[in-house]
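K.L.:
sequence first, predicted model second:
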There are 4 protein chains.
Amino acid sequence: MTDNKLRVGILGASGYTGADLVRLAAQHPNMDLQVLTANSHAGKKYAEVYPHLGGMNLPDLIKIDDANWGDLDVIFCGLPHGTTQKIVASLPEHVKVIDLSADFRLRDVDTYKEWYGHEHYAPELQPSAVYGLPEHYREQVKSARLVACPGCYPTAVLLLLIPLLKAKLLDEKSLIIDAKSGLTGAGRGLKLNTLFAEAGEGMSVYSVTGHRHAPEIEQELSVALGRDVMVTFTPHLIPMSRGEFISTYANLANGASVQDLRECLNDAYQDEPFVRLLAEGASIGTQHVRGSNQCLLSVNKDRVEGRVLLFSTLDNLVKGSSGQAIQNMNIMSGLDEALGLNQQPMFP
Amino acid sequence: MTDNKLRVGILGASGYTGADLVRLAAQHPNMDLQVLTANSHAGKKYAEVYPHLGGMNLPDLIKIDDANWGDLDVIFCGLPHGTTQKIVASLPEHVKVIDLSADFRLRDVDTYKEWYGHEHYAPELQPSAVYGLPEHYREQVKSARLVACPGCYPTAVLLLLIPLLKAKLLDEKSLIIDAKSGLTGAGRGLKLNTLFAEAGEGMSVYSVTGHRHAPEIEQELSVALGRDVMVTFTPHLIPMSRGEFISTYANLANGASVQDLRECLNDAYQDEPFVRLLAEGASIGTQHVRGSNQCLLSVNKDRVEGRVLLFSTLDNLVKGSSGQAIQNMNIMSGLDEALGLNQQPMFP
Amino acid sequence: MTDNKLRVGILGASGYTGADLVRLAAQHPNMDLQVLTANSHAGKKYAEVYPHLGGMNLPDLIKIDDANWGDLDVIFCGLPHGTTQKIVASLPEHVKVIDLSADFRLRDVDTYKEWYGHEHYAPELQPSAVYGLPEHYREQVKSARLVACPGCYPTAVLLLLIPLLKAKLLDEKSLIIDAKSGLTGAGRGLKLNTLFAEAGEGMSVYSVTGHRHAPEIEQELSVALGRDVMVTFTPHLIPMSRGEFISTYANLANGASVQDLRECLNDAYQDEPFVRLLAEGASIGTQHVRGSNQCLLSVNKDRVEGRVLLFSTLDNLVKGSSGQAIQNMNIMSGLDEALGLNQQPMFP
Amino acid sequence: MTDNKLRVGILGASGYTGADLVRLAAQHPNMDLQVLTANSHAGKKYAEVYPHLGGMNLPDLIKIDDANWGDLDVIFCGLPHGTTQKIVASLPEHVKVIDLSADFRLRDVDTYKEWYGHEHYAPELQPSAVYGLPEHYREQVKSARLVACPGCYPTAVLLLLIPLLKAKLLDEKSLIIDAKSGLTGAGRGLKLNTLFAEAGEGMSVYSVTGHRHAPEIEQELSVALGRDVMVTFTPHLIPMSRGEFISTYANLANGASVQDLRECLNDAYQDEPFVRLLAEGASIGTQHVRGSNQCLLSVNKDRVEGRVLLFSTLDNLVKGSSGQAIQNMNIMSGLDEALGLNQQPMFP
């Protein structure tokens, strides 16, 4: 570390998570971006790929093979699923790795194979990967070398449900998660259904029963509850760029009340800088978190006896990805966890 | 009837449902728009209120009190809730009335009072009102004088669920309805949360546990099943102008299969012009119905054993309102039910 | 012609103009869609490519080489620029051709080569091609075998300016055309800048000084005026799917007044079904034409002496493309010019 | 000043500019928000009016009459036009005032009356007001007590044109400014044309020849050139929340070249933190400045001889309003001009 700054590399800097890492790093007093890789764009200035960051002084894009790892303290990996495992295995030991892909999120390599369609390429590393949800794995993150940042949907779901399942306040067999996401969740790749003319002025459901965030959610809820949990998880595509909104339906466990739920979440998060339980009846929407590292939670009693309506929302590129990654970096590096992450949401 | 044309009036023609009635009427060979009322705009040309219809030859807007009912065969009422009851009670008997408000949808005037906050003003007329969901009340609509058009959400929910509950294929206690609507569902009134800068690039939940379409849905599902049904119904506001998307979660009744559900819906709708069951795995979104009188249905098996994912979508201003109203008019007048309603959806 | 219906083929039916031709054809009493081609989608049902038209009974997509031209009366070509010339040259003589590409719009094959980067492949056919702007070439369209439909921007510009230049009311050296288009103008191809996340919540300028519609506009304005005209033409990309809005700035010719302009346009279009001059001070926006074959015009005096502000707007997929193509077909076939094109705009 | 922090009040904190002042203040190390006024919301928590800022610790809203001016160092006024003049006249001398309304922008009180429809209420203060465009009035701002922040459109226009007119590189009689703005430019008031369903999926022109930013632009261009300038200025409403894009058309002055223009702007802004001249051919759009205090400029040669295409873009709520206001505060207070304003643009 020179000048008290972390020397940082971003692998796969041409995706939206890469761009938001760069945006946030500009506000972080201890991050020194030294390496930005993007294989197909290698040789370009970053501003050719992301003109909105043309005012920053950034290194040009290079190929991964041309990066000098010895000079780096921390690497963020924003590579496509399936490519990070081999790369991480080849990095020098002193480099801390924060992976934003799904490559190290699933503890069971067989589950990984089932959902991602290929053998895990670094099964020997998987046990050392820490699931980077700081509010629930803070201690493990502190000493981790390899952190697997949660998916955007899982972050919004788990911040809401982990405390409630740990406290056995919900009937886990009743969990129905209706998820809604903006278009950045689909990445910057060229796909017909993410064109403006296709996705605008309309909404649809996608990946019905097949979204890869389901096993990730189930893994962590099962840990929280202490027994296997399976959930209904249905994602929808909403005509907005950023933002995720989760509507969770559940039945109360025997004897539990809505008030118990509120107290449980209040206890869990009252001292957390980035998770906020809203007052009863307060409005909740993605507009209230856009651009920030905040996650909002809301607990409501349903008209149907014994059922609750639980809402959570976050910006998928920040708390759901790049912001949480920096939060993990702060913890791993002994910095104030909220350093560089205090931007307020931008509304409108 | 002159020239084989129905002489038509639209009360409350300045709302979005009024405008879409006029738009659709322009394509209908048997509708002659003779009266358009809008109290606060009385005296104006219709094109001052809706410039997009400036190419039509339309009567100027007048006050309700200035309308000559004797000249009319059919009246569409697009007035605010609570104002139609008295007006309908004062109309001459020969005028057929198609009400697009909620004033005559709830059969039980006590339920009406509970949800709308005032006594029903025409309880003596309520028993004669037919619930205008043609696919399920066609015979009653044929001979009705007063038809209460279903709400937009109820139309999308009931077309999906009525056949399934009639056939006892679902556990009615498990019904969870996650509803999504565009902004026109909120009407043309000036409200902060419907400004572009507030509603754009974001989404939120609203009317949590308190939306007035819930009792309407429950009324009709209870009739279908033969016993009381209560549902979880949660509406969300989506940044698009038109379109509604309903995600319904349910458990199968004992012994029922997903295949049974598909066959049931196929039997119910295979000869219907405006309801279409999609093939397994086909994509479904509001983009596919925009501007048309179509309602699409989709049935899917969940990963969770015994649970199904049911989707339905329609254009809230057409099949959810003005189009369905004209469909009712066609039936009441002995015309081909699909007359003037065959516009295909507009995409993009 | 069987049953008084035209047997119609659409080449390149997988683009947005193809889809809108199909949508409009569904409302046209004399069009029988017999052939739909799309090379990369050959073998698929049309509803797989455009689910919103899944309710229509349409032929499956085939390759161009598999089409039987002998059975057809009219062909619409919605193929990429540069591919139509050879195909049209190979079609049997009895088939009428309405081309929606740019292949036959430019009369001078050298200008074509300059702007499109390759030699014209059917220079012998070019002289027979009629520029399909019905309001100004109606007589020629009547007897044409090959009609080149104008580009979307040129349609909006020329309907406004041709009468004014013919009447020598404007200083042609002063013409500045600031054009704005929605995303469908860019087609259905996969391009980074047309992704929702890139184009949404923002606007930009594109093709600065290099848009291929400029020489087309200049060709027709030069014909109208009787001498060479060169214009400033700058297109902008607006976050909406459909619609074009043209803001034209010009100086009045010596002695001309704003009133002269209004009278000139009124004379030109008062009997036209699809072009409408708005009253002074009336609002004008793309919302007022969406989905319709209408073009709106507006004439305004500027604060700067001798300068005028001229606005025009249309739906690029209808009057700017598919609707105008059908209008041409009607004329070429001796049908009522407005047949099947009377849908009112859809707002909101 | 306590703790080296400025004690700050925001009058009219319930508008969008108020909210963005609060958002930006959260990142500013020297701003201590002590007073937030909003007459109709007095007594409420700020988070009731702007839930996205619910994570901040802010004073409750009060009435202007209840504010204690003695405790404040700086006041930002975000009040409706016409109300600030009297209030400012009543403030204690030691309070510095940064006005975001139009009340003190026009130096000539007769011009003010002509465009705003009433006599100026504080004509004695007007001569002391400094026009707060820091890049061109930095020295005057340093010692000002009352700064009138430029309008959003004028900021984008003047940053582009002031240096060019000062250097006499353009024919000022040829200036045509085609302006485009998102919906926040219209404020948070309830107006029909700013509803999502009205403004979405479409665009329109507004305030044709009558926008109040025209005289403000003309005032400053006249100062720059040294003689009276009158411009064509036409604003359009674009379906996005934030962002302004200005397309300016002009003829080169005798002997001037595009290269001269580029050098002139480069000289003017190469050391400025918030204004950036883009390289030739670089793309320019509002997406590249969203949420930031940056203004981008682009200079292009037209195909028409002697004509240039000039583009500028900024975020109307930041560099066009609240960000520029804080930039002025920094200058007035002897702080680093860029303090708290270095957030990078947010894209997507």
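P.N.:
Done, it's in.
K.L.:
how many neighbouring residues does residue A:318 have?
P.N.:
31 (other C-beta atoms under 10 Å in any protein chain shown). Heads up, the C-betas are built off the backbone N, CA and C, glycines and all.
K.L.:
please name the nearest non-neighbouring residue to it.
P.N.:
Among residues not flanking residue A:318 along the chain, residue A:293 sits closest, at 5.0 Å (C-beta to C-beta, 6 or more residues apart in numbering or on different chains).
K.L.:
interface residues of chain A facing chain C?
P.N.:
Contact residues, chain A versus chain C (C-beta under 8 Å from any C-beta of the partner chain): A:16, A:182-184, A:186, A:188, A:190-192, A:194-201, A:239-241.
K.L.:
again, only using 10 Å
P.N.:
For chain A, the residues in contact with chain C (C-beta under 10 Å from any C-beta of the partner chain) are A:16, A:49, A:51-52, A:182-202, A:204, A:237, A:239-242, A:317, A:348.
K.L.:
for the stretch 1-150 of chain A, just list every one of the helices.
P.N.:
Along the stretch 1-150 of chain A, the stretches classed as helices by DSSP state H, counting those that start in this stretch are A:16-25, A:46-49, A:84-89, A:109-116, A:134-142.
K.L.:
and those: which comes nearest residue B:25?
P.N.:
Comparison of the helices of the stretch 1-150 of chain A against residue B:25 by C-beta to C-beta identifies helix A:16-25 as nearest, at 46.0 Å.
K.L.:
avg pLDDT for the closest one?
P.N.:
For helix A:16-25, mean pLDDT rounds to 98.
K.L.:
can you give me the offset of that helix from its chain's centre?
P.N.:
13 Å (C-alpha atoms, centre = their mean, to the nearest Å).
K.L.:
can you tell me if it touches chain B.
P.N.:
No: if you take C-beta under 10 Å from any C-beta as the test, helix A:16-25 misses chain B, and the best it gets is 15.2 Å.
K.L.:
which strands or helices does that helix pack on?
P.N.:
With contacts taken as 3 or more C-beta pairs under 10 Å, 6 or more residues apart in numbering or on different chains; DSSP states H and E, helix A:16-25 sits against strand A:6-11, strand A:31-37, helix A:46-49, strand A:74-77, helix A:323-332.
K.L.:
of those, which is nearest residue C:71?
P.N.:
Comparing the helices and strands packed on helix A:16-25 under C-beta to C-beta, the one sitting nearest is helix A:46-49, at 50.6 Å.
K.L.:
ok, residues contacting the closest one?
P.N.:
A:10, A:13-15, A:18-19, A:22, A:33, A:36, A:38, A:40-41, A:53-61, A:188, C:192, D:278-279, D:282-283, D:288 (C-beta atoms under 10 Å, 6 or more residues apart in numbering or on different chains).
K.L.:
any buried residues in it, and which?
P.N.:
If you call a residue buried by 16 or more other C-beta atoms under 10 Å in any protein chain shown, then helix A:46-49 has these buried ones: A:46-47, A:49.
K.L.:
is it possible to export these to a markdown table including pLDDT and distance to residue C:162?
P.N.:
A markdown table is the format used below for the buried residues of helix A:46-49 (pLDDT from 0 to 100; distance: C-beta to C-beta, whole Å):
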| residue | pLDDT | distance to residue C:162 |
| --- | --- | --- |
| A:46 | 98 | 47 |
| A:47 | 97 | 43 |
| A:49 | 97 | 43 |
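K.L.:
burial check on the closest residue to chain C within the stretch 1-150 of chain A, number of neighbours?
P.N.:
With C-beta to the nearest C-beta as the measure, residue A:16 is the residue of the stretch 1-150 of chain A nearest to chain C, at 7.1 Å. Using other C-beta under 10 Å, residue A:16 has 24 other residues around it.
K.L.:
distance of the closest residue to it other than its chain neighbours relative to residue A:91?
P.N.:
Closest residue to residue A:16 apart from its sequence neighbours, by C-beta to C-beta, 6+ apart: residue A:184 at 5.1 Å. Applying C-beta to C-beta, to the nearest Å, the value for residue A:184 to residue A:91 is 28 Å.
K.L.:
out of those two, which sits in the busier spot?
P.N.:
The neighbour count for residue A:184 versus residue A:91, taken as other C-beta under 10 Å, is higher for residue A:184 (31 against 19).
K.L.:
list the contacts for the more buried one?
P.N.:
Here residue A:184 is in contact with A:15-17, A:19-20, A:152, A:194, A:240-244, A:315-317, A:320-321, C:195-198, C:200, D:347-348 (criterion: C-beta under 10 Å, 6+ apart).
K.L.:
wait, residue A:297 sits on residue A:269?
P.N.:
Yes: using C-beta atoms under 10 Å, residue A:297 is in contact with residue A:269, at 7.5 Å.
K.L.:
the closest residue in space to residue A:111 that isn't next to it in sequence: how many residues sit nearby?
P.N.:
With sequence-adjacent residues excluded and distances taken as C-beta to C-beta, 6+ apart, residue A:111 is closest to residue A:215, at 5.4 Å. Other residues lying near residue A:215 total 23 when counted by other C-beta under 10 Å.
K.L.:
wasn't residue A:215 part of a strand?
P.N.:
No: using DSSP: H, G, I helix; E, B strand; the rest coil, the assignment for residue A:215 is helix, not a strand.
K.L.:
what's near enough to touch it?
P.N.:
Contacts of residue A:215 (C-beta under 10 Å, 6+ apart): A:102, A:105-106, A:108, A:111-112, A:114-116, A:154, A:230-231, A:233, B:303.
K.L.:
now, of the residues you listed, which are buried?
P.N.:
A:102, A:105-106, A:112, A:115-116, A:154, A:230-231, A:233, B:303.
K.L.:
roughly how far apart are the closest residue in space to residue A:6 that isn't next to it in sequence and chain B?
P.N.:
Computed as C-beta to C-beta, 6+ apart, the closest residue to residue A:6 that is not its neighbour in sequence is residue A:73, at 4.7 Å. Distance, residue A:73 to chain B, by C-beta to the nearest C-beta, to the nearest Å: 36 Å.
K.L.:
that older thread, per-residue pLDDT, the residue nearest to residue A:318?
P.N.:
Residue A:293 is given a pLDDT of 98.
K.L.:
give the contact list for it.
P.N.:
A:24, A:273-275, A:314-315, A:318-320, A:322-324, A:326-327, A:338, A:340-343, A:345.
K.L.:
contacting residues around residue A:134?
P.N.:
A:140-142, A:147, A:149-150, A:272-275, A:324, A:327-328, A:330-331, A:337.
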